[in-house]
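Peer 1: next one to model:
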Amino acid sequence: MNARPLVIAGGPILTMAGPGRVEAVAVRGERIGWVGSLEECRAHAGPDREERDLGGRTMLPGFVDPHIHPLMLGQTNSWVDVGPEAAPSIGAMVELLARHAATLPVGEPVRAYGYDLRRIEERRHPTAAELDRAGPDREVTVMHASGHGGVVNSMVLGRAGITADTPDAPGGEIGRSPDGTPNGLLMDAAWDLLAGADGVRTGRHGPNIHHAEPSAALLEHLAQAQDRILRTGITTVADAQVTRRETETWLALREAGALRLRVHLYILSSLLDEVTALGLVRPLGDQWLRVAGIKLYADGTLVGRTAWFPEGYPGDAEERGVLYHEPAEFSALLARAHGAGLQTATHALSPAAIGMVLDAIEEAERASPRPDARHRIEHCALPTVEQVARMARLGVVPVAQSQHAFAFGDGAIAAVGRELGERYHPLGSYARGGVRFALSSDAPVAPPDPLRAVQAAVERRTVLGTTLGPDELCVDVENALRAYTIDAAWACHADHLVGSIEAGKLADLVILSADPTSVPTPEIGSIGVEETWSAGEPVR
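Peer 2: Predicted coordinates for the structure are as follows:
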């Protein structure tokens, strides 16, 4: 921590508060002491001060990512990349996996991440039989880009005891060949079947992303993920699906003296009984690590076609997706969390799922009014115009991912048709409708990269060049920056601490090579993150 007061000036300073721009900032210890003119900041800091010249660079508050999976990010970063650039076809994927398998000790499993069936040549999931060719003598697991499941080879199916007689798990799907035998695909809660005797199980409360590894390996994965996140200017995160695995690893990182991110934990709803039994019904922790709320799931993933469409997907009325809880069951679950005083963050993508969540929030508020609960809908990918108006009325916070629109927008149109698909993550509707929204990465589903997310929010253009809907669904740069700073902090009930450059707040800052509001939109994502500060100190 700086022993002497510090004055920073010499470049654009975007506060994300009023006034929007200032000449200088004075930092005392871990907090911002004064914001205003250079003369005022020098007077506040006093004669025994240091001064830092930005040299024309731009300073913002540290970015806040309110929906991210850091441990999963670290794990998948250690796996084989089978994204569309690395593996544009199933054949190329199998060859890539086979080459990797040849470098491993006998029997060591192959794990891979990132395929998107809408962007590989075959336009389908690989099968167990195809993955067998990559590693017939070892386990092969390939996770879908959504993180909501994936495909395993025959050895994995055999060791897990998954056969034609194995029923679908509630909230999950087992892919099957025409004769009923498993074809290797396991989506959403079906991943529980791979958890093993001591593994984490999520039941019908969400996809199982909690892959077991030794605690030392998990700690290394989390440390590497933290470094990657800090390099993008993010200083605060919300871990959006927390079980024992994540909690233990965050605690280990802190105990090692290596925690440099501020972390808000959203505990998976499968643990709601334990949370309420322990009385963890208010935010618990400190500025670095705190229990923030409960994560729930309503449906699955649109890009994996498990988002819930009760009337069937366009073109395939038999394909409906996954509903994790029936409406009455979900309402009771959310009401318990709400009644206990907990903030909820519910994954919901389809209009039917979003409607179910809004119904549950409205019922819970009617039964037990709570001012400023800030219940969240994670992703909230395809809300109707009427649902956006309900969000404004209920004070619900959509936590969206503009990078998903970039990466998966074409898949959304293919899945649900152009009229609805072009509304995928309709940020402009939120802004015009008076809904305060946040942006996030959902990493590893999209990279933790706030500036690329800001560009994607302004452009609404997909990776294939498709423009998603009319201009009214876009937002301007200032709105997008707020959604990744002060509005993201607000979504975590942390806006009193971080998210803007204001006197009294923590001195979490980011220094950029250029001003995002001044460069052409296509250049925003290429702006360099030159320094990241936390608690008044550079951390990268």
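Peer 1: residue 179 - how many residues pack around it?
Peer 2: Around residue 179 there are 7 other residues, counting by other C-beta atoms under 10 Å. The way it works is simple: take the backbone N, C-alpha and C, and place the C-beta from them, glycine included.
Peer 1: against residue 284, how distant is the residue sitting nearest the centre point of the chain?
Peer 2: Central residue of the chain (C-alpha atoms, centre = their mean): residue 442, 2.0 Å from the mean position. According to C-beta to C-beta, to the nearest Å, residue 442 stands 25 Å off from residue 284.
Peer 1: can you tell me the closest non-neighbouring residue to the residue nearest to the centre of the chain?
Peer 2: residue 401 (5.1 Å; C-beta to C-beta, 6 or more residues apart in numbering).
Peer 1: would you say residue 196 is within a strand?
Peer 2: No - counting by DSSP: H, G, I helix; E, B strand; the rest coil, residue 196 is not part of a strand but coil.
Peer 1: thought it was touching residue 211?
Peer 2: No - the criterion here is C-beta atoms under 8 Å, and residue 196 misses it with residue 211 at 10.3 Å.
Peer 1: same drill for these two, tell me which one is more crowded.
Peer 2: A direct count of neighbours by other C-beta under 10 Å for residue 196 and residue 211 places residue 211 higher, at 21 against 11.
Peer 1: tell me which element the spatially closest residue to the more buried one that is not a sequence neighbour is part of?
Peer 2: Nearest non-adjacent residue to residue 211, counting by C-beta to C-beta, 6+ apart: residue 75, 6.0 Å away. Element membership for residue 75 (DSSP states H and E) is helix 70-77.
Peer 1: pull out the buried positions in that helix.
Peer 2: Under the neighbour-count criterion of 16 or more other C-beta atoms under 10 Å, helix 70-77 has 70-76 buried.
Peer 1: what about that helix, average pLDDT?
Peer 2: The predicted model assigns helix 70-77 a mean pLDDT of 96.
Peer 1: check what contacts that helix and list those residues.
Peer 2: When contacts are defined by C-beta atoms under 8 Å, 6 or more residues apart in numbering, helix 70-77 is touched by residues 113-114, 143, 147, 209, 211, 213, 218, 220-226, 228-229, 237, 239, 245-246, 249, 261, 443-444, 448.
Peer 1: residue 229 against residue 239, yeah?
Peer 2: No - counting by C-beta under 8 Å, residue 239 is not a contact partner of residue 229; they are 11.1 Å apart.
Peer 1: quickly list what's touching both of these two.
Peer 2: With C-beta under 8 Å, 6+ apart, residue 229 and residue 239 have common neighbours 68, 70.
Peer 1: so the residue nearest to residue 442 sits against residue 67, correct?
Peer 2: Yes - using C-beta under 8 Å, residue 401 is in contact with residue 67, at 7.5 Å.
Peer 1: any shared contact partners between these two?
Peer 2: In contact with both residue 401 and residue 67: 440-442, using C-beta under 8 Å, 6+ apart.
Peer 1: make JSON lines out of those residues and add pLDDT, distance to residue 170 and secondary structure.
Peer 2: Shown next, in JSON lines, are the shared contacts of residue 401 and residue 67 (pLDDT from 0 to 100; distance: C-beta to C-beta, whole Å; DSSP: H, G, I helix; E, B strand; the rest coil):
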{"residue": "440", "pLDDT": "98", "distance to residue 170": "28", "secondary structure": "coil"}
{"residue": "441", "pLDDT": "98", "distance to residue 170": "29", "secondary structure": "coil"}
{"residue": "442", "pLDDT": "97", "distance to residue 170": "24", "secondary structure": "coil"}
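Peer 1: what's the neighbour count on the nearest residue to residue 194 once chain neighbours are set aside?
Peer 2: Once flanking residues are discounted, residue 194 sits nearest to residue 160: 5.3 Å by C-beta to C-beta, 6+ apart. Residue 160 has 18 neighbouring residues, counting by other C-beta under 10 Å.
Peer 1: now do the same contact list for residue 160.
Peer 2: Counting by C-beta under 8 Å, 6+ apart, the residues that residue 160 touches are 152, 193-194.
Peer 1: mark which of those are buried, thanks.
Peer 2: If we count by 16+ other C-beta under 10 Å, these have these buried: 152, 193-194.
Peer 1: the helix or strand following the helix holding residue 75 pairs with which strands?
Peer 2: Counting by DSSP H and E, the next helix or strand C-terminal to helix 70-77 is strand 80-81. Here strand 80-81 has these sheet partners by DSSP bridges: strand 110-115 (parallel).
Peer 1: which residues are contacting the partner strand?
Peer 2: Residues outside strand 110-115 that contact it (C-beta under 8 Å, 6+ apart): 76, 79-84, 86-87, 93, 96-97, 100-101, 104, 125-126, 134-135, 138-145, 150, 211, 444.
Peer 1: what are the buried residues along the helix or strand following that strand?
Peer 2: Remark: after strand 110-115, the chain's next helix or strand is helix 128-134, criterion DSSP H and E. Across helix 128-134, burial judged by 16+ other C-beta under 10 Å covers 128, 130-132, 134.
Peer 1: what does helix 128-134 rub up against?
Peer 2: 90, 93-95, 97-98, 101, 110, 140, 142, 151-157, 182-184.
Peer 1: the strands in the stretch 351-500 of the chain, which residues?
Peer 2: 376-379, 397-400, 438-439 (DSSP state E, counting those that start in this stretch).
Peer 1: just for the stretch 1-150 of the chain, where's the confidence low?
Peer 2: For the stretch 1-150 of the chain, the stretches with pLDDT under 70 are 1-2.
Peer 1: can you give me the helices in it?
Peer 2: Assigned helices in the stretch 1-150 of the chain, in chain order: 38-45, 70-77, 90-101, 128-134 (criterion: DSSP state H, counting those that start in this stretch).
Peer 1: same question, the stretch 151-300 of the chain
Peer 2: Using DSSP H, counting those that start in this stretch, helices in the stretch 151-300 of the chain cover 154-160, 215-231, 244-255, 272-277.
Peer 1: can you put those in JSON lines and add distance to residue 317?
Peer 2: Listed next are the helices of the stretch 151-300 of the chain as JSON lines, based on distance: least, C-beta to C-beta, whole Å:
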{"stretch": "helix 154-160", "distance to residue 317": "29"}
{"stretch": "helix 215-231", "distance to residue 317": "41"}
{"stretch": "helix 244-255", "distance to residue 317": "38"}
{"stretch": "helix 272-277", "distance to residue 317": "35"}
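Peer 1: would CSV of those with mean pLDDT and distance to residue 378 be doable?
Peer 2: Below are the helices of the stretch 151-300 of the chain laid out as CSV (pLDDT from 0 to 100; distance: least, C-beta to C-beta, whole Å):
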stretch, mean pLDDT, distance to residue 378
helix 154-160, 94, 29
helix 215-231, 98, 18
helix 244-255, 96, 16
helix 272-277, 95, 16
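Peer 1: I appreciate the help and will end here.
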